[in-house]
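Colleague: Just to be clear, the model below is a prediction. Sequence and coordinates:
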Amino acid sequence: MTLIHLTGDESAYVRDWATFGIEQQNSLDTPEIRDALYRRIDDVDKETRHEALCGLVRCEDLRAIPPLIEAISKDEDDSSLWLPAATLLNIDLEKEEVTADYLVARLLTLVH
């Protein structure tokens, strides 16, 4: 698949859009897709990392949990990853008020 190949491009812009393209394909969930997303969780580009984490959560790949915890812990004011975290935890963000600390604590229960 071309998008998988492009997730490894030298251009952050191309990696981001390719990772986003994979993340948005709700019907795509293969080991190759998951591995391509997982390879991007340490990307130097923040947007690419976030797209990769969202994609792994969509695929219910539990490898997303430790980097999700790390990302939320690093920048508690950035709520862009709260929705994927809430999805893993079955939390409705419209009904429950949460904090970064709360999400991290709950995510930690999934890895222990």
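Modeller: Structure's in. What do you need? What you see is a predicted model, and the numbers here were worked out from it, not measured in a lab.
Colleague: The residue in the chain sticking out farthest from the centre: helix or strand, and which one exactly?
Modeller: For the chain, the largest distance from the centre (CA atoms, centre = their mean) belongs to Lys95, which lies 22.2 Å off. Taking DSSP states H and E as the definition, one finds Lys95 inside no helix or strand.
Colleague: Point out the other elements, helices or strands, that the helix or strand encompassing Leu3 touches.
Modeller: Here Leu3, judged by DSSP H and E, is contained in helix 2-6. Helix 2-6 is packed against helix 12-23, helix 31-39, with contacts defined by 3 or more CB pairs under 8 Å, 6 or more residues apart in numbering; DSSP states H and E. (Glycine included, C-beta is placed from N, CA and C.)
Colleague: about what we covered before: so what's the residue farthest from the centre of the chain scoring on pLDDT?
Modeller: What the model reports as pLDDT for Lys95 is 92.
Colleague: next one: Glu76
Modeller: Note on Glu76: pLDDT of 80.
Colleague: Looks like it contacts Tyr102 (just checking).
Modeller: No - no contact is recorded between Glu76 and Tyr102 when judged using CB atoms under 8 Å, the distance being 10.6 Å.
Colleague: Of the two, which one has the most company?
Modeller: More crowded of Glu76 and Tyr102, by other CB atoms under 10 Å: Tyr102, with 15 against 12.
Colleague: Buried by neighbour count: which residues of the helix or strand hosting that one qualify?
Modeller: With elements taken from DSSP H and E, the one containing Tyr102 is helix 100-111. With burial defined by 16 or more other CB atoms under 10 Å, the residues of helix 100-111 counted as buried are Ala100, Leu103, Val104, Arg106, Leu107.
Colleague: ok so, going back, where's the residue farthest from the centre of the chain relative to Asp101, distance?
Modeller: Distance of Lys95 to Asp101, given as CB to CB, to the nearest Å: 19 Å.
Colleague: Mind putting the buried residues of helix 100-111 into TSV with distance to Ile22?
Modeller: Output for these, formatted as TSV (distance: CB to CB, whole Å):
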residue	distance to Ile22
Ala100	26
Leu103	24
Val104	26
Arg106	27
Leu107	23
